[in-house]
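Student: Below are the sequence and a predicted model; questions follow.
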Amino acid sequence: MKPVSTKKLLFANLKSRIWLFLLILIAGFFIYPVNVLLTFQQYRASRSTGDSFALIPDIHDIFLCQQTGNRIFLTIIIVVAAFAAAAAEFNYLHKVEAVDFWNAAAVPRRKMTLVSWCAGALLVIVPFAITYVTGAAIAAGIGAINGAWFGTALVRGLYDILLFLTAYTFTSLAQMIAGRTFIGVCMGAYFAVIAPVFVALYMWLADVFFPHVPDTGITYSMVGQMSPILFSAVVMTLGRAFKLLAYLCGGMILLLIAAEKRPAESAGSAFSFRFLYPLVKISVTIAGALGFAMLGTSLFVGSSFSKPWYFFFLLIGGILIPVILDLVFYMDWRGVKKGLKLDLICLPVIVVVSILFMMDPLHVDTYVPADNEVKSVGISGGAYMDWSLQGSSDAAVEDDPQEKFQSENEKFIHLTGTKARAAAKEPVDVYTQDTYVVTDTAELAEKQDLAAAQGELYFPESSDEDTSSIWVNVCWKLKSGKTVRREYAMTPAEYRELLTAATEDADYRKASYLAGRFNIKEGTKVEVYSYPDYLTQTVSTPVNGAARYTLLECIQEDSEGMSLADYLNSECIGTVDFSNETIQYEWGSGDIVYGTLNIYPEYTKTLAFLETLGIEFNKEFDYSTIRRISYFPVGNYQGDDAMITLNPDQYELFFASIKPVASTAAAESFLPESYEAYVDLKDGSSVNLTFTLRK
Amino acid sequence: MIDISHVTKKFDDITALHDVSLTIEDGDIFGLIGTNGAGKSTLLRLMAGVLKPDEGRITIDGEDVWENTAIKQQICFIADNVFFENDATPDSAAKLWEVLHPAFEQERFEKLCDKLGLDRRRKVRTFSKGMKRQLSLLLALSSGARYIFCDETFDGLDPVMRQTVKGAIAEVVYDRKIVPVIASHNMREIEDISGSVGLLHKGGVLMEKSLDDLKTQIQKVQFVLKDPADFADLTKRLDVVSSEAMGSMNILIVRGGRDEVLSTIAEFEPVYCEPVALTLEEVFISETAAGGYDLRNLFADGGEAGK
């Protein structure tokens, strides 16, 4: 007898699920062709009214999704499509009559699974490709894209297809190991969220018993690492594409193994493999109860952390979550009684894990080393960051070469001795909200006019600065070789106090907090900008060969003699940019500038050396090149637009009143009363200028 | 030939089948009888390769059924709850069956549909339960498969349709030498069509025999003796399975050949003596009584339904 034709089987499958194809086609039609046409229409309308509207970047963003919001939207669409395709293709496993029919067919299980998987993939990818290419063709027709850009868009499209296939494979696996479609959807979410959280929790606990003591931010990065969708969705890199491919292959292998081993009689049960339920229950309960405790504490108690409340919500979560899981699994209230035995194991485990979290017996979370343990301390601070997968987490570091370089080179201020330990304080209230200054535009204009009449510029005092928080990383390197990192929330004033104390320390200055992080390797590019070119990044002078080392030594020596107070009182007259890598972006290429060192008038040795290279630092800003200067007089504002725009006759006064600040130096980031100005030049370029007022 | 050898199947704590052994010869219509929960559906699923036995082996023509596509191509399984795709019509269902059974006979299917009055363009979801079962049977009979396993397939069919379907089955058995295995709790249905029967009870096989063999070995006779006192002597000379009296009329079920039994009774010069046709139920009850099973209550509902 002839075997069952794979092509015919696939075609029969596609025919019966054509609704999914149409759904994706409609969605894709709106995301691509319609979106392109609407964007073009908006552009034409804006041109006619004289407003600026950039057609090409916005059209490019439809396909490349470089804006995070668009990227997240597309990722949601991809994930929903993956869940829908998996449920459509594999729900036959969850109905007894369908299982009887298909399992009795003369088609091997593996083949059946592959045919179903391929059908689901085609039902999504084909309409996506049709609408994507159609949209691109329309965009080309209106002149918004050119041939060179097509390659970039194609790569982006292929990456999104890879992302979908990976998500789809795991949602298919979820449907395969579940006995009901709803449970399959829950298992898909489990793969994306719960399992990574549980693995992260386990890895964190494992780290407790091993020498390396991790940063508290690692849990979040682990969640991202273990969830291919969450981690790889937003940023597209070759490394992440390979990671997705590895996940895809691993997922397919698991899918095929599960397909072969799956007992047909499990249709209608919660799980097709009985051993899964205890595993899922324990992991969901532990992760869920801990999360419930943290959520409950933050929602109901506010920002104050309180152990009794934490344990209260932990117990509530530890009891509620298994009950809900039993109800879902057994579909019967009596199932709760059956699941009691496992609950009695889960609850003590949760309590033990929580105690480890909170009491920190091995000093994971709250440990501050004793003086005699410390070899050196590093401190770095930054602006307030949201809790996310950014910042100090290793996840962000791995794929971003700049972050990696900076992390490797430890952008810390290194201190020795007891000063640093004394400077590191207990965490302040980490949930402090920024307060805002309400600005009345009419009142502001009146005060501005009054100041202008007196030949001055109006800069009201900003009193909100000290209520905002910044995160400060303190890193102790111990004599034992361990590294202990803590994050502290401080006000900028507290941080300045810390730095002041640090820079008055001779050992600290000798460590040269500014220049110590830089490494001249082969291929490092060094470019010098003098004021005002460093503001516009227009004219630079390269420093090549051995002169680069000499320059860095000069800066290091000059900076050793300056305290934080000296920096606060001085002003930057130029910068030296160090870049180590030329990186290819989707839109072209650019040099990664790994750091910038500021040049000050007090850097006598440096200035003398640069003079021998023919680089001068006595240039002045050519005011005739300025088209407009605007600035916000207050740091944060609420209300009407409070931007002040200067008249041309105020430009000279403006530059005489301010000290431009290059924002990369750690000290200058936290200068009081710093402002932002927007300088638009006549040649169409513009400069974002951070400055403080001359005293 | 289908050979089921020491097959056991468990679902969690429930043993659906325990050490079941059966042989189903080619050229026969095999009836699988059992009450609800006896294990009939499970056995059919095992035979069709839907489930895998925990112990034992099921072979067809010497080859294991499980994940054997060559053997499974010769099998067509009609489950108790028949499956059709959403929005299927008989025509679209036939197209799907053609994909899964390359030997599917479209012409035969159309002829059968016309004969039974099924509208091939109508949506299957608008069919009654009986019509769905009809359709599934017609698809099976047109599939070109050599083994057709039917699970309670006649349930839901009206009497006229039952006869028509039975005729269609008999026709294909004769024409194409297919081997139907029909599971039911309705003995009357099985008795009409099957050549051999197997009786399942609580996961085990109580009996497996050819109907002819069964019926030639047991006789049911009703008679009236001249002298009622002779009854005791008569029963001593016969291998009596069961005895019933209605006034002076005695009804005996005895083991033995027909001629032998009648001649023994004739020696007592009965006023009236006539052999009566045995139902399959009576045969089973008789046979299993010897094994210590009292099946009279077991098949009370099935017997009533069959009458």
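Tutor: Yep, that arrived.
Student: count of residues packed around the residue of the stretch 201-307 of chain B found nearest chain A?
Tutor: Relative to chain A, the nearest point of the stretch 201-307 of chain B is B:Gly203 (14.7 Å; Cβ to the nearest Cβ). C-betas here are computed from N, CA, C, even on glycine. B:Gly203 has 21 neighbours, counted by other Cβ atoms under 10 Å in any protein chain shown.
Student: Hmm, B:Val20 and it touching each other?
Tutor: Yes. Assessed by Cβ atoms under 8 Å, B:Gly203 is found in contact with B:Val20 at 7.4 Å.
Student: if I pick the nearest residue to B:Val65 once chain neighbours are set aside, what's in contact with it?
Tutor: Sequence neighbours aside, B:Gly49 is the residue nearest to B:Val65 in space, at 4.5 Å (criterion: Cβ to Cβ, 6 or more residues apart in numbering or on different chains). By Cβ atoms under 8 Å, 6 or more residues apart in numbering or on different chains, the contact set of B:Gly49 is A:103-104, B:65-68, B:71-72, B:75.
Student: Kindly recompute the last result at 7 Å.
Tutor: Shown in contact with B:Gly49 (Cβ atoms under 7 Å, 6 or more residues apart in numbering or on different chains): A:104, B:65-67, B:72, B:75.
Student: These: which two are farthest apart?
Tutor: Pairwise distances across those (Cβ to Cβ) peak at 12.7 Å, for the pair B:Glu67 and B:Ile75.
Student: which one of the two has more residues nearby?
Tutor: It is B:Ile75, of B:Glu67 and B:Ile75, that has more neighbours when counted by other Cβ under 10 Å, with 26 against 14.
Student: quick revisit: separation between the residue nearest to B:Val65 and A:Ala546?
Tutor: 79 Å (Cβ to Cβ, to the nearest Å).
Student: excluding its backbone neighbours, what's nearest the residue of the stretch 101-250 of chain B found nearest chain A?
Tutor: As assessed by Cβ to the nearest Cβ, chain A sits closest to B:Pro102 within the stretch 101-250 of chain B, at 4.1 Å. Using Cβ to Cβ, 6+ apart and skipping residues adjacent in sequence, the residue nearest B:Pro102 is A:Lys2, 4.1 Å away.
Student: name the element the one you found belongs to?
Tutor: Counting by DSSP states H and E, no helix or strand carries A:Lys2.
Student: Give me the phi and psi for B:Ile33.
Tutor: When read as degrees, to the nearest 10, the backbone of B:Ile33 gives phi -110, psi 140.
Student: let me redo that: B:Val240
Tutor: Main-chain dihedrals, B:Val240, degrees, to the nearest 10: phi -80, psi 130.
Student: got the contact list for the helix or strand containing B:Cys150?
Tutor: Assigned by DSSP H and E, B:Cys150 belongs to strand B:147-151. With contacts defined as Cβ under 7 Å, 6+ apart, strand B:147-151 is touched by B:2, B:40-41, B:44, B:47-48, B:60, B:74-80, B:140, B:178-183.
Student: Low-confidence ranges, chain B, go.
Tutor: Scanning chain B for pLDDT under 70 picks out B:287-307.
Student: in the helix ranked longest in it, what's buried?
Tutor: Selection of the longest helix in chain B by residue count, based on DSSP state H, yields helix B:159-176. For helix B:159-176, the neighbour count (16 or more other Cβ atoms under 10 Å in any protein chain shown) marks B:161-162, B:164-166, B:168-169, B:172-173 as buried.
Student: How about A:Phe191, nearest residue that isn't a chain neighbour?
Tutor: Nearest one to A:Phe191, counting by Cβ to Cβ, 6+ apart, is A:Phe170 at 4.9 Å.
Student: circling back to that earlier point, would you mind measuring from the residue of the stretch 101-250 of chain B closest to chain A to A:Ala106?
Tutor: For B:Pro102, the distance to A:Ala106 - Cβ to Cβ - is 9 Å.
Student: ok, B:Arg277 - contacts?
Tutor: Rather than Arg, residue B:277 is Ala. B:Ala277 neighbours (Cβ under 7 Å, 6+ apart): none.
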